[in-house]
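Visitor: just a sequence and a predicted model for now, questions to come.
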Amino acid sequence: MASTSSSSSSSSSPADIIAALEAEIVTETARFNELRLSGGALDDSKKALSELKKALALAKNAGKEKKEKAAAAAPAPTQETGGGSSSAPTKKTKERLLLKTAKGTRDYGPAEMFCRAHIENIVKECFTTYGGACLDTPVFERKDVLTDKYGEDSKLIFDLMDQGGEQLALRYDHTVPLARYLAMIGGTAPQSKLWQIGKVYRRDNPVMSKGRMREFMQADFDITGAWDPMIADAELLSLLCTILSKLDVGEFTIKINHRCILDGIFEVCGVPLDKIRSISSAVDKLDKLPWAEVKKEMTEEKGLDPAVADKIGEYVKHKGGPELLSQLETDSTLTSNKSAKQGLSDMSILFNLLKAYNALDKVSFDLSLARGLDYYTGIIYEAVVEGSAPPGFKSANAFAAPPGSTTSAPAAAPAPAQKKSSKKTDAEEEEVDESQVGVGSIAAGGRYDGLVGAFLAGAAGVDPGSKEGKKAMGPGGGTPCVGVSIGMDRIFALVWPKWVERGGRTKETMVFVMSAGDGLLAERVGLAAELRAAGIKTDFLAKSKPKLAAQFAAGEKDEVPFAIILGTDELAAGLVTVKEQRWKFEDGKKVKIAAADKGTQVKRAELVEWLKDTETWKEWNEGKW
């Protein structure tokens, strides 16, 4: 066994020990194979083999360390120059540690995290209100799971090195991991509503002040399974309206389109089938680039006929509501296309449902919306606010002529960033001018009916478009899905300045227990424990005999609304003194409102009930503070 060999050859040379261990490994391997073939018990042999291999690795490393130490102790080689010599070794200085977060990431302090928790709580509350159940998937996936799912954005996937024989990558979103999960459980999931909140990763150029980072938080809600047409889609749009209305993001619009309509437009305009996805990605940039720039990408970079591009431009400049749908339904060229006709039918149902949800005024039917990801098959949407577009750029004017112009030249917009060579390293990448970048969409999603089926076909080793692939995908081509993804960091970038402006807190502490006179440490600890057990967030100053002023200062620092003061006489009588505290803005600063009263004496036995019955407590619970 490994331990016997190591102890018996402790006085041998390293080479002898290594040779002996290698011989034992050969013998034990042969024994293991014999047991495996004969059906014998393998556990003991497997354990012995593992110990031998560990002992061999240690022996080899010990030999390397010995050589490295000897080399480090040896004098530096002498260099003769003109009869002189120098043998002094050069001392290597340790590099300074650069204290910074990795590019595209950031730390969040307690005040910021309190605001983020507020945002997350609202989102979770809405998710559960709409019947969602929580799901969690790994932060990294096998790379082949993520490959070929994101179109041109695949270059933004964060690759990881080979990890124990698996090529891995950090997840790009929650949608593909969800589809992989559904495929793993058979791809025949019944109707379900699943949500997950977690970090995702994209190797993009970050714009930190706008919440556009390489590591960021997304909250996803997906509805899976076969439903009647557009019911699940309308339910998600209603959910998104509810969440954004509860969050302090300002006025928002949900732009919607349908992939079938967009594909039909491309087909009737003459876009070759093999270029539809790449042209779709170009059109999707109309929210931040004028039409002239988008047309240039389609024609010069992607080889589309300029006349075809002009036809596309005549369609994608339109946006509106049910009236735009009616206009498209009278377009005989478009309605003759099977794909477009199906999309228009779906949109008609959707508008009726959104009217019932009282959400029609929050959506805009926008034919320029394309969503660049390859897996979308039906309705697509994204939520935008005023700060979504780059400063000075209005998407509504992307096709407009500049003032005083008689031509159809596009409106002026901030100059697009120069394209960077894909060979550049992080250190060589040009910094993005944050003043010329918008927040972007704060939420987006759509229907992706074929993604789960594609995983099932891939697991069977067949092409999803083949006869065998359709068989592997099962009835209906796998599990139909529709989902929405909310950019939590982009929402934080909008909410945080307003949070600071109105003096948002950093903690939820409701009570600060204090003592007057003697320290009364045990009594303070006892009351804090009692209040915490009753569900009241409570704190106290961790000093044996603190001064009352220091205790008030500690409580006021966290804007704690209730100060409970203990005194020897009051405790003997079963009483405590409660002082309610409030703050207001004065000259741009949040200051405590001075109160003439010295507090209210409350019976210790009735303290919890008394606190929860106060207007101050109710206002805090309702989020008014």
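Guide: That came through, no problem. Keep in mind the model is a prediction, meaning the values are calculated, not measured.
Visitor: where does the prediction get shaky in the stretch 351-500 of the chain?
Guide: 372, 389-439, 476 (pLDDT under 70).
Visitor: can you show me the helices along it?
Guide: With DSSP state H, counting those that start in this stretch as the criterion, the stretch 351-500 of the chain has helices at 451-460, 467-473, 488-501.
Visitor: which one of those lies closest to residue 114?
Guide: helix 488-501 (8.6 Å; CB to CB). C-beta: built from backbone N, CA, C; applies to glycine.
Visitor: related to what we said a few turns ago, could you dump the helices of the stretch 351-500 of the chain to a markdown table with distance to residue 202 and mean neighbour count?
Guide: Formatted as a markdown table, the helices of the stretch 351-500 of the chain follow (distance: least, CB to CB, whole Å; neighbours: other CB atoms under 10 Å):
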| stretch | distance to residue 202 | mean neighbour count |
| --- | --- | --- |
| helix 451-460 | 19 | 22 |
| helix 467-473 | 29 | 17 |
| helix 488-501 | 12 | 19 |
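Visitor: now those helices in CSV, with distance to residue 211?
Guide: CSV is the format used below for these (distance: least, CB to CB, whole Å):
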stretch, distance to residue 211
helix 451-460, 27
helix 467-473, 37
helix 488-501, 3
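Visitor: show me where the stretch 401-550 of the chain has strands.
Guide: Using DSSP state E, counting those that start in this stretch, the strands assigned to the stretch 401-550 of the chain run over residues 443-447, 481-487, 511-515, 538-540.
Visitor: output the contacting helices and strands for the third one.
Guide: I take that to be strand 511-515. helix 521-533, strand 538-540, helix 548-557, strand 562-566 (3 or more CB pairs under 8 Å, 6 or more residues apart in numbering; DSSP states H and E).
Visitor: among those, which is the most enclosed?
Guide: Each of the helices and strands packed on strand 511-515 was scored by mean neighbour count; the highest is strand 562-566, a mean of 23, by mean count of other CB atoms under 10 Å.
Visitor: quick one: distance of the helix or strand just after it to the chain centre.
Guide: On the C-terminal side of strand 562-566, the nearest following helix or strand under DSSP states H and E is helix 568-572. Computed by CA atoms, centre = their mean, to the nearest Å, the chain-centroid distance of helix 568-572 equals 53 Å.
Visitor: mind putting the helices and strands packed on strand 511-515 in a markdown table, distance to residue 166 included?
Guide: What follows is those, written out as a markdown table (distance: least, CB to CB, whole Å):
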| stretch | distance to residue 166 |
| --- | --- |
| helix 521-533 | 45 |
| strand 538-540 | 46 |
| helix 548-557 | 49 |
| strand 562-566 | 54 |
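Visitor: ok, which of the strands of the stretch 401-550 of the chain comes nearest residue 460?
Guide: strand 481-487 (19.6 Å).
Visitor: show me where the stretch 51-200 of the chain has strands.
Guide: 79-81, 84-86, 133-134, 140-142, 168-170, 192-201.
Visitor: want to try TSV for those, with mean pLDDT and mean neighbour count as columns?
Guide: Listed next are those as TSV, based on pLDDT from 0 to 100; neighbours: other CB atoms under 10 Å:
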stretch	mean pLDDT	mean neighbour count
strand 79-81	47	8
strand 84-86	51	9
strand 133-134	96	11
strand 140-142	93	17
strand 168-170	93	19
strand 192-201	96	19
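Visitor: outline the domain layout of the protein.
Guide: With domains defined by automatic domain parsing, the chain comprises 2-73, 108-249+490-502, 250-415+437-441, 511-621.
Visitor: which one of those domains lies nearest to residue 461?
Guide: domain 108-249+490-502 (12.2 Å).
Visitor: distance from the chain centre to the closest one, please.
Guide: With CA atoms, centre = their mean, you get 5 Å for domain 108-249+490-502.
Visitor: before we move on, what about stretch 19-37?
Guide: For stretch 19-37, the distance to the chain centre is 49 Å (CA atoms, centre = their mean).
Visitor: need the helices and strands packed on strand 511-515 in JSON lines (columns: distance to residue 30 and mean pLDDT).
Guide: Below are these laid out as JSON lines (distance: least, CB to CB, whole Å; pLDDT from 0 to 100):
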{"stretch": "helix 521-533", "distance to residue 30": "64", "mean pLDDT": "96"}
{"stretch": "strand 538-540", "distance to residue 30": "67", "mean pLDDT": "96"}
{"stretch": "helix 548-557", "distance to residue 30": "71", "mean pLDDT": "93"}
{"stretch": "strand 562-566", "distance to residue 30": "76", "mean pLDDT": "95"}
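Visitor: so which of those comes closest to residue 361?
Guide: strand 562-566 (42.4 Å).
Visitor: before we move on, back to that, the strands of the stretch 51-200 of the chain into TSV, with extra columns for distance to residue 116?
Guide: Output for the strands of the stretch 51-200 of the chain, formatted as TSV (distance: least, CB to CB, whole Å):
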stretch	distance to residue 116
strand 79-81	60
strand 84-86	59
strand 133-134	18
strand 140-142	23
strand 168-170	21
strand 192-201	11
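Visitor: I'd say residue 212 and residue 388 touch.
Guide: No. Look at residue 212 against residue 388 with CB atoms under 8 Å: they stay out of range, at 11.1 Å.
Visitor: any chance of CSV for the domains of the chain, columns distance to residue 96?
Guide: Shown next, in CSV, are the domains of the chain (distance: least, CB to CB, whole Å):
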stretch, distance to residue 96
domain 2-73, 23
domain 108-249+490-502, 24
domain 250-415+437-441, 32
domain 511-621, 35
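Visitor: what about those domains, which gets the closest to residue 452?
Guide: Using CB to CB, the nearest of the domains of the chain to residue 452 is domain 108-249+490-502, at 4.8 Å.
Visitor: nearest to residue 161, of the strands of the stretch 401-550 of the chain?
Guide: Short answer: strand 481-487, nearest of these by CB to CB, at 27.8 Å.
Visitor: now that closest one and helix 451-460, what's the angle there?
Guide: Interaxial angle of strand 481-487 relative to helix 451-460 (axes from the mean of the first three to the mean of the last three CA atoms, to 10 degrees): 110 degrees.
Visitor: identify the residues contacting residue 201.
Guide: 139, 158, 170, 171, 172, 214, 215 (CB atoms under 8 Å, 6 or more residues apart in numbering).
Visitor: list buried residues within those residues.
Guide: 158, 170, 171, 172, 214, 215 (16 or more other CB atoms under 10 Å).
Visitor: identify, from those, the entry nearest to residue 132.
Guide: Using CB to CB, the buried ones among the contacts of residue 201 come closest to residue 132 at residue 171, 19.6 Å.
Visitor: how near is that closest one to residue 512?
Guide: Counting by CB to CB, to the nearest Å, the gap from residue 171 to residue 512 is 42 Å.
Visitor: residue 330 too?
Guide: 69 Å.
Visitor: more neighbours: which of the two?
Guide: residue 512 (26 against 8; other CB atoms under 10 Å).
Visitor: read off the pLDDT value for the spatially closest residue to residue 267 that is not a sequence neighbour.
Guide: Nearest residue to residue 267 in three dimensions, chain neighbours excluded: residue 337, at 5.7 Å (CB to CB, 6 or more residues apart in numbering). What the model reports as pLDDT for residue 337 is 95.
Visitor: phi, psi of residue 337?
Guide: phi -90, psi 130 (degrees, to the nearest 10).
Visitor: one step back: out of the helices and strands packed on strand 511-515, nearest to residue 345?
Guide: With CB to CB as the yardstick, what comes closest out of these is helix 521-533 (58.0 Å).
Visitor: many thanks, have a good one.
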